[in-house]
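Novice: Sequence first, then the predicted structure:
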Amino acid sequence: MLLRLELLTARLVAGVSRLARRGGGTTIPGKLVSKVHPGAVDQLAARLPQGAVIVSATNGKTTTAAMSAHILEDRFTLAHNSSGANLVSGVASTLLATPHAELGLFEVDEGALPEVARRLQPRAVLLGNLFRDQLDRYGELELVAERWREALVATSEALLVVNVDDPLLGELARDYDGPLRTFGIDDRTQARPSLQHAADSKFCVVCGRPYLYTAAYVGHLGEWRCGGCDRSRLSLDVAARAIELHGIDGSSFTLATPEGSARVRLRLPGLYNVYNAVGAAALAGALEVPVAEIAAALESFTAAFGRFERIAIGDRGVLMLLVKNPAGANEAVRTLLEAEPPPVAVVALNDEIADGRDVSWIWDVDFEPLLAGLDRVVVSGGRAAELALRFAYGGLERAKIEVVPDLERALDRGLELVRPGDELVVLPTYTAMLALRGILARRGHVREFWERAA
Amino acid sequence: MKLTVGHLYPEYLNIYADRGNIAVLRERARARGHEVEVTGIGVGHAVPEAIDLFYVGGGQDREQALVATDLERKGEALRVAVAGGAAMLAVCGGYQLIGRFYRDRAGAELPGIGLLPLHTIAGERRMIGDVLLDCEWVGKTLAGFENHAGRTYLEPGAEPLGRVLAGFGNDGKSGYEGCRDGRVYGTYLHGPLLPRNPWFADRVLADALAHRAGEEVELTPLPDELEAAAHEVSAARARSRGGRY
């Protein structure tokens, strides 16, 4: 077997790449080993005594996987790609770096899910949601769903842990032959008055008629039924009930599972994080973690990097919320409005491949409620001018908009604009978030994302 | 003046920031002292009279198929309105639907309403990327983003919206993008199109005002500094990385 030598080489590369500070060695070793030995990932995964679980979604997969890791790490030695390297190469790199892991826990890119699932033959697959995201990269929503459907056929032994509040995923679950564990929110008092502009999957995949919502929670996630045929949300095995939102400080809810119930306090805000927590809980429950232990772990969980991350900078602070698509950005905006609306914000729009090269999505975000409270917005990133137009045509006076494409200068300008003791709100797209965290790390305010403790 | 924009199928065809285009029309009209009222025209609705500008956006394949038969029913009313001088802007999926027909990969045809002399045939590879057009008929450029599998073929004598400086365009080969006929414009460019191409927004607006007033209407220029900056970045993107067939 050549595998041993190749693995040594790849680990060496990981070390060198980390030393060279070129991204923490999170993908290069995996790319190398996959090139030399394409089946290496399969073999590495097959060595995990407890098998592997994978987590995918358009929004919240990093947080859901991080929550799952936080719950599971006391019971299992994990191989977890916590740095967000979620393609096959990232999974391979993680497996290489953790030779003694018992259980693999992998966040997986929506587009990479079929290949990762085929190679890993996971014991469980958690699917969180499907929103319109980077159409230039992933293609249309239903195409992604179709690829997931095919991937599931190839892994029909796996337990499917699935958010059936999403109609597209509900249909996938209905057609799935293997074992199933559904989750969702069951609290009509938290329903939004209407579907948002950015809601996707509005029409029944079976008959084409619009879905009707008894309760819409986040985007098109909610308690749905078709107005034309007999389709409706499946019953929930694991649910969040009696939810209380505590503004930006978090939320609490009753976690109801077949194994029992527990009250959970979550330090992350918003219903979307309730979804992430219920998903992680459903997965952990399936891995036989007791409900009380799940609830305790969720209570001590803090944000994954760049996702509602609070960073102290001298006498000021930064609150960083990743934005990357309309549904996710809407939740970020809604979260901010739970507290005193910020008078200053830095919003950074890049258009690299990882951000999506098509920036039209910013026009589908409901930024307007945020604009009303802003005295000043600093727009930044490669497409700063485009953001400036978005806000100007959204009704913000042009005099309140500063265009500062350079991220570091925009950050400093933003910090200058907030008073001592206050927090600067920063909304970056993915590569802008990584760059901003890089700047803050260089200045000693945060650790690099690959150094973050799980 | 008060303008009425008829937004066709806002629930179905809204995928690429179409509401950005509408917001720009509304705001640029307001800046000149005109008011824009937007009326959604959905499936099963009659086409209202007195619409000055029809807007049709883009949708995913499924949504497009869901509205095609309904649009066919509205076809006659729309042709009458356009013959009477109403303006129309159709983007992406909407552009395909106002041609003669759209033939999908399986060979099945969705009917179009024939407002522009063109047809579209689904292709293998999607044409995705930034685009820059030279609109020689006005001596200006348009910058946008395209994402389409359909290849659109103009009939002989049809006027394109612009010559492709960078990107794929209608079919990736002809070197042209979009189509225009009188006050009807069709294009694959989203992104959205109007915020960063203010001259084109004003052109469409002026057409709609002309329909309302019964004569050409002059629009005072606006500062448009942010617009020019956004146009420049978008154009540079197209030049450096727009699609090549």
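Specialist: Structure's in. What do you need?
Novice: Only C-alpha atoms from now on, for both contacts and neighbour counts.
Specialist: Noted.
Novice: hang on, B:R163 in a helix?
Specialist: No: inclusion of B:R163 in a helix is not indicated when DSSP: H, G, I helix; E, B strand; the rest coil is applied; the result is strand.
Novice: Look at the residue of the stretch 151-300 of chain A found nearest chain B and give its secondary structure.
Specialist: Residue nearest to chain B within the stretch 151-300 of chain A (C-alpha to the nearest C-alpha): A:G208, separated by 7.2 Å. State at A:G208, reduced to three classes by three-state DSSP: coil.
Novice: and stretch A:424-438, how far out from the chain's middle?
Specialist: Between the centre of stretch A:424-438 and the centre of its chain there are 15 Å (C-alpha atoms, centre = their mean, to the nearest Å).
Novice: Ignore what I typed, I meant stretch B:156-173.
Specialist: The chain centroid and the centroid of stretch B:156-173 are separated by 14 Å under C-alpha atoms, centre = their mean.
Novice: List the buried residues of that stretch.
Specialist: Across stretch B:156-173, burial judged by 16 or more other C-alpha atoms under 10 Å in any protein chain shown covers B:159-172.
Novice: Need the CA coordinates for it. CSV is fine.
Specialist: Only the C-alpha atoms of stretch B:156-173 are listed here, as CSV (Å, rounded to 0.1, in the frame of the first residue of the first chain):
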residue,chain,number,x,y,z
PRO,B,156,-32.6,38.9,-40.2
GLY,B,157,-33.0,42.6,-39.9
ALA,B,158,-33.7,42.5,-36.1
GLU,B,159,-31.8,45.2,-34.1
PRO,B,160,-29.6,43.9,-31.3
LEU,B,161,-29.4,46.0,-28.1
GLY,B,162,-25.7,46.1,-28.4
ARG,B,163,-22.5,44.6,-29.7
VAL,B,164,-20.6,42.3,-27.3
LEU,B,165,-17.3,43.8,-26.1
ALA,B,166,-16.9,41.1,-23.5
GLY,B,167,-19.1,38.2,-22.5
PHE,B,168,-21.2,35.7,-24.4
GLY,B,169,-24.3,37.6,-25.5
ASN,B,170,-27.4,36.2,-27.2
ASP,B,171,-25.9,32.9,-28.4
GLY,B,172,-22.2,33.1,-27.7
LYS,B,173,-21.3,33.4,-31.3
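Novice: Just give the number of residues close to the nearest residue to the residue of the stretch 151-300 of chain A closest to chain B once chain neighbours are set aside.
Specialist: Nearest non-adjacent residue to A:G208, counting by C-alpha to C-alpha, 6 or more residues apart in numbering or on different chains: B:L66, 7.2 Å away. Using other C-alpha atoms under 10 Å in any protein chain shown, B:L66 is surrounded by 16 other residues.
Novice: quick one: the strands in chain B?
Specialist: For chain B, applying DSSP state E gives strands covering B:2-8, B:35-41, B:53-56, B:87-91, B:101-103, B:109-111, B:118-135, B:140-154, B:162-166, B:176-177, B:179-181, B:184-187.
Novice: Out of those, which is the most enclosed?
Specialist: Ranked by mean neighbour count, these are led by strand B:176-177 with a mean of 28 (mean count of other C-alpha atoms under 10 Å in any protein chain shown).
Novice: who does it pair up with?
Specialist: Applying DSSP bridges, strand B:176-177 is found paired with strand B:162-166 (antiparallel).
Novice: Next, the angle strand B:140-154 makes with the strand it pairs with.
Specialist: Counting by axes from the mean of the first three to the mean of the last three C-alpha atoms, to 10 degrees, strand B:162-166 points 110 degrees away from the direction of strand B:140-154.
Novice: how much space is there between the residue nearest to A:G208 and A:L322?
Specialist: Relative to A:L322, B:L66 is positioned 34 Å away (C-alpha to C-alpha, to the nearest Å).
Novice: try A:E157
Specialist: Taking C-alpha to C-alpha as the measure, A:E157 falls 35 Å from A:L322.
Novice: More neighbours: which of the two?
Specialist: More crowded of A:E157 and A:L322, by other C-alpha under 10 Å: A:L322, with 25 against 15.
Novice: Quick one: residues contacting the more buried one.
Specialist: A:G306, A:R307, A:F308, A:A329, A:A332, A:L427, A:P428, A:T429, A:Y430, A:M433 (C-alpha atoms under 8 Å, 6 or more residues apart in numbering or on different chains).
Novice: and those as CSV, adding pLDDT?
Specialist: CSV is the format used below for the contacts of A:L322 (pLDDT from 0 to 100):
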residue, pLDDT
A:G306, 77
A:R307, 81
A:F308, 84
A:A329, 92
A:A332, 90
A:L427, 97
A:P428, 97
A:T429, 97
A:Y430, 94
A:M433, 95
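Novice: Now intersect those with the strands, please.
Specialist: Reading strands off those with DSSP E, I get A:R307, A:F308, A:L427, A:P428.
Novice: Which members of the residues you listed define the maximum pairwise distance?
Specialist: Within the ones in strands among the contacts of A:L322, A:F308 and A:P428 form the most distant pair, 11.2 Å apart (C-alpha to C-alpha).
Novice: Now list whatever residues contact both of those two.
Specialist: A:M320, A:L321, A:L322.
Novice: quick one: contacts for the residue positioned nearest the centre of chain A?
Specialist: For chain A, A:G60 is the residue whose C-alpha lies nearest the centre (C-alpha atoms, centre = their mean; 2.3 Å). When the contact criterion is C-alpha under 8 Å, 6+ apart, the partners of A:G60 are A:G128, A:Y272, A:N273, A:N276.
Novice: Just those: which are in helices?
Specialist: Of the positions in these, A:Y272, A:N273, A:N276 sit in helices, assigned by DSSP state H.
Novice: got these as JSON lines, with pLDDT columns?
Specialist: Output for the ones in helices among the contacts of A:G60, formatted as JSON lines (pLDDT from 0 to 100):
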{"residue": "A:Y272", "pLDDT": "93"}
{"residue": "A:N273", "pLDDT": "94"}
{"residue": "A:N276", "pLDDT": "97"}
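Novice: Most neighbours among these, which one is it?
Specialist: Using other C-alpha under 10 Å as the neighbour test, the ones in helices among the contacts of A:G60 are led by A:N276, with 25 neighbours.
Novice: Any regions of the stretch 251-400 of chain A where pLDDT drops low?
Specialist: For the stretch 251-400 of chain A, no stretch has pLDDT under 70.
Novice: For the residue in it positioned nearest to chain B, which residues are in contact?
Specialist: Closest to chain B within the stretch 251-400 of chain A is A:S360: 4.3 Å, counting by C-alpha to the nearest C-alpha. Listed by C-alpha under 8 Å, 6+ apart, the contact set of A:S360 reads B:Y16, B:A17, B:H190, B:G191, B:P192.
Novice: ok, now with 6 Å
Specialist: Counting by C-alpha atoms under 6 Å, 6 or more residues apart in numbering or on different chains, A:S360 touches B:Y16, B:A17, B:G191, B:P192.
Novice: what lines up beside the helix or strand of chain B with the lowest mean pLDDT in the sheet?
Specialist: The weakest-scoring helix or strand in chain B, judged by mean pLDDT, DSSP states H and E, is strand B:109-111 (a mean of 89). Here strand B:109-111 has these sheet partners by DSSP bridges: strand B:101-103 (antiparallel).
Novice: And for the strand it pairs with, what's in contact with it?
Specialist: So strand B:101-103 is contacted by B:E109, B:L110, B:P111, B:G112, B:H119, B:T120, B:I121 (C-alpha under 6 Å, 6+ apart).
Novice: run the last query once more with 10 Å
Specialist: Strand B:101-103 is contacted by residues B:68, B:93, B:96, B:108-114, B:117-123, B:150-152 when judged by C-alpha atoms under 10 Å, 6 or more residues apart in numbering or on different chains.
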